[in-house]
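A.B. asks: got a structure for you, letters missing:
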């Protein structure tokens, strides 16, 4: 699962796909469940009191603090998130576009251009600030896309935009 980490500032808008929104909501639900479980285990520890339990209590309090911090961050992201508008018959590649590319060996690739916090190349979501993402922005179907990686130049043919 991709974990979203992003620092928000007041009035920052984060654009997420439907899948990204679902993932952030799922992460919040999981963190809330984890938080409840930690609090419950702390209450159980409070009923028992022993020297060995102090270390366990400190560890659980640390986990609770970490979980609450992550939960706060995810809620901030969700509060500032907006769903990417649907892009039907898009003429140029923009944030949220789904692109079909073909390499020189004839292999077809499909990527969705997303905000950095949602990027997961192995799942077909690339950041608009990645070298490939930057080279795709503003392109139209049938254009060649190229970018540098070290001393190597990569080339792909853009064959479709949705």
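C.D. replies: Structure received. None of these values were measured; they are calculated from a predicted model.

A.B. asks: Excluding chain neighbours, what is closest to residue 31?
C.D. replies: Nearest non-adjacent residue to residue 31, counting by C-beta to C-beta, 6 or more residues apart in numbering: residue 71, 4.3 Å away. (Each C-beta comes from the backbone N, C-alpha and C, glycine too.)

A.B. asks: Repeat that for residue 39.
C.D. replies: Going by C-beta to C-beta, 6+ apart, residue 39 has residue 64 as its nearest residue, at 6.9 Å.

A.B. asks: Provide the secondary structure category for that neighbour.
C.D. replies: Look at residue 64: counting by DSSP: H, G, I helix; E, B strand; the rest coil, its state is helix.

A.B. asks: mind listing what it touches?
C.D. replies: Residues in contact with residue 64 (C-beta atoms under 8 Å, 6 or more residues apart in numbering) are 35, 38, 39, 42.

A.B. asks: 10 Å instead, please
C.D. replies: Taking C-beta atoms under 10 Å, 6 or more residues apart in numbering, we find residue 64 in contact with 34, 35, 37, 38, 39, 41, 42.

A.B. asks: number of nearby residues for the fifth one?
C.D. replies: The local packing count at residue 39 equals 13, with neighbours defined by other C-beta atoms under 10 Å.
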